[in-house]
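In: Model the structure of this input:
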Amino acid sequence: MKLLIIILLKTKSMKINWKNVILYVIRVIELLLTGAAGGAISSTF
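Out: Purely as a prediction, here's the structure:
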């Protein structure tokens, strides 16, 4: 979560394309969800 906050602060100080930022955030969330799901599945079996 700290990393996301740092990214958001940097994007506010520098004018970055928000579309790219949103896509990056979505990708990070997807990775976290798939990682959590994969960990749960591997631990149950």
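In: mind listing what the spatially most central residue of the chain touches?
Out: Centroid-nearest residue in the chain, with CA atoms, centre = their mean: Val28, separated by 2.5 Å. Contacts for Val28 (CB atoms under 8 Å, 6 or more residues apart in numbering) come out as Leu4. Glycine gets a C-beta too; all of them are placed from N, C-alpha and C.
In: give me the element it is part of.
Out: Val28 is part of helix 18-44 when elements are defined by DSSP states H and E.
In: chain center to that helix: distance?
Out: 7 Å (CA atoms, centre = their mean, to the nearest Å).
In: So which bits of that helix are buried?
Out: Residues of helix 18-44 classed as buried by neighbour count (16 or more other CB atoms under 10 Å): none.
In: could you give the mean pLDDT of that helix?
Out: Here helix 18-44 scores 82 as its mean pLDDT.
In: where's Ile5, which helix or strand?
Out: If you go by DSSP H and E, Ile5 is part of helix 2-13.
In: Could you figure out how far that helix is turned away from helix 18-44?
Out: Between helix 2-13 and helix 18-44, the angle comes out at 180 degrees (axes from the mean of the first three to the mean of the last three CA atoms, to 10 degrees).
In: contacts for helix 2-13?
Out: Ile16, Trp18, Val21, Tyr24, Val25, Val28.
In: Nice, that's everything, thank you.
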